[in-house]
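**Q** Sharing a model that was predicted from the sequence below.
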Amino acid sequence: MKSPIRVAITGAAGQIGYALLFRIASGQMFGPEQPVILHMIEVPVEKAMQGLSGVAMELDDCAFPLLAGMVQTSDPRVGFKDVNWALLVGAKPRGPGMERADLLKDNGKIFIEQGKVIDAVAAHDCRVAVVGNPANTNAMIAASQFRRLKPENVSAMVRLDQNRAVTQLAKKANVATASVSDLFIFGNHSPTMFSAFHLAKINGKPVPEVIGHHEWLRGEFQETVGKRGAAIIAARGASSAASAANALVDHVRDMVTPGRVHSIAVKSNGLYGFDPDVWAGVPVRTTTPGSYEVIKDLPLDDFAKQKIAVTNKELTDERATVLPML
Ligand code: NAD
Ligand code: LMR
């Protein structure tokens, strides 16, 4: 058995936290040979810490063989101490009628503080995955506080969008989701994201050839994926939680599995026409566990370029809004 890794989860007593912790402890995120010590971080409010203690009792009651320890804390310096992974989930969710960017002022502050503390106390190889919205810009904010760790160590999650897009394509073509490959998300985790159907395949054949229906691919498909979060809020009265936790399991598991190709949001460094300093969804290939290379030079037609310009503008606007805080 390997020695345990330390994994911090903020917002551990929240909705996503509850759907996530058990899957990490069962081995679905880091594999069946990798013990984990969970660092569960919440706000210093009695209700939250009491809720967290209940979640910890339930984790105990699962007798997971891979769960090598738990830390429950509201002190980020304790919570992020020596962690190898920091999963930043804890933040306000949006309600009906809001856009994710409306959360920026409130949630942005959280990521300034957490970026600083992670840089000060986490393990030297710490990888950070941001889920709290607006996730791309919060990742940029956290990385802006780094002096010791590299900004490339911070990713934001667009995997929920990738998974949503795969299912929509599979339904349209009446095939299993496993038949869909190479579906990448470019840009922001917001309605401006671009689900790059022109690169995707169904049973190895180009999606536009299999589905035909170009108007649907450019219109309704983009809109259904981009606005799925709002549709779930309207239906449930709360934002997606189990599917978000599932997407984070996929995001991290693919990041620790060399050779995997998937979409994550990372510092763009100017690739695909994005502003170099925004965190944009792009296709990546995992090189060594926790490290990736962006897959470069995939062809973009005029429609793709125009969609990327729109989502890039939103990311640069969000960045401009928070720059005075950094
Ligand atoms: P929730 O309100 O159920 O839980 C959030 C938890 O975070 C709460 O328990 C709260 O006490 C805690 N928290 C708040 N600030 C914290 C801090 N500074 N440190 C530690 N914990 C803190 O919300 P949720 O449904 O779990 O959603 C969490 C976030 O994830 C929201 O911002 C939501 O919009 C976002 N989200 C993102 C995606 C995505 O695909 N990127 C998908 C779903 C939800
Ligand atoms: C989602 O996409 O489901 C989440 O980002 C939650 C939201 O606010 O839409």
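**A** Cool, the structure landed. Ligands and ions are numbered 1, 2, ... in the order given.
**Q** tell me the contacts of the closest residue to ligand 2 within the stretch 51-200 of the chain?
**A** Ranked by Cβ to the nearest ligand atom, the top residue of the stretch 51-200 of the chain for proximity to ligand 2 is Arg94, at 4.3 Å. In short, each C-beta sits where N, CA and C put it, glycine included. Arg94 makes contact with Arg100, Asp102, Leu103, Asn133, Ile233, Ser239, according to Cβ atoms under 8 Å, 6 or more residues apart in numbering.
**Q** Mind doing that once more with 6 Å?
**A** Arg100, Leu103 (Cβ atoms under 6 Å, 6 or more residues apart in numbering).
**Q** how much space is there between it and ligand 1?
**A** Arg94 is 6 Å from ligand 1, where distance means Cβ to the nearest ligand atom, to the nearest Å.
**Q** Going forward, the N-terminal residue is numbered 12.
**A** Got it, first residue is 12 now, which makes that one Arg105.
**Q** Regarding that residue, what is its secondary structure?
**A** coil (DSSP: H, G, I helix; E, B strand; the rest coil).
**Q** So the chain: which segments form each domain?
**A** With domains defined by automatic domain parsing, the chain comprises 16-167, 170-336.
**Q** I'd like those domains as CSV, with mean pLDDT appended.
**A** Below are those laid out as CSV (pLDDT from 0 to 100):
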stretch, mean pLDDT
domain 16-167, 97
domain 170-336, 97
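**Q** neighbours of the closest residue to Ala112 other than its chain neighbours, just the number please.
**A** Once flanking residues are discounted, Ala112 sits nearest to Pro145: 5.2 Å by Cβ to Cβ, 6 or more residues apart in numbering. Neighbour count of Pro145, defined by other Cβ atoms under 10 Å: 28.
**Q** Could you measure from Pro145 over to ligand 1?
**A** Pro145 sits 8 Å away from ligand 1, going by Cβ to the nearest ligand atom.
**Q** winner for burial among the domains of the chain?
**A** Most buried of those, by mean neighbour count (mean count of other Cβ atoms under 10 Å): domain 16-167, with a mean of 20.
**Q** roughly how far apart are the residue of the chain found nearest ligand 1 and Val66?
**A** Taking Cβ to the nearest ligand atom, ligand 1 has its nearest neighbour within the chain at Gly25, 2.0 Å off. Distance from Gly25 to Val66, counting by Cβ to Cβ, to the nearest Å: 10 Å.
**Q** now Pro107
**A** Taking Cβ to Cβ, one finds Pro107 at 27 Å from Val66.
**Q** What of Lys182?
**A** 34 Å.
**Q** Please apply the same query to Ile152.
**A** Taking Cβ to Cβ, one finds Ile152 at 27 Å from Val66.
**Q** now swap in Ser279 and tell me
**A** From Ser279 to Val66 the distance is 36 Å (Cβ to Cβ).
**Q** Likewise for Gly230?
**A** 42 Å.
**Q** Tell me which stretches of this protein form helices.
**A** 26-36, 57-72, 87-90, 115-132, 146-155, 170-184, 218-222, 225-229, 231-237, 239-247, 253-266, 313-333 (DSSP state H).
**Q** Those: which one's closest to Gly284?
**A** Comparing the helices of the chain by their distance to Gly284 (Cβ to Cβ), the top pick is helix 313-333, with 5.5 Å.
**Q** Identify the residues contacting the closest one?
**A** 112, 115, 119, 148, 152, 197-199, 203-205, 284-286, 289.
**Q** of all these, which two lie farthest apart?
**A** Gly119 and Gly284 (25.4 Å).
**Q** Quickly note the distance from the residue of the stretch 112-261 of the chain found nearest ligand 2 to Gly198.
**A** Ligand 2 sits closest to Gly240 of the stretch 112-261 of the chain, with a gap of 2.1 Å, by Cβ to the nearest ligand atom. Note on Gly240: its distance to Gly198, by Cβ to Cβ, is 15 Å.
**Q** got the residues of the stretch 62-211 of the chain near ligand 2?
**A** Residues of the stretch 62-211 of the chain lying close to ligand 2 by Cβ under 6 Å from any ligand atom are Pro104, Arg105, Arg111, Asn144, Leu171.
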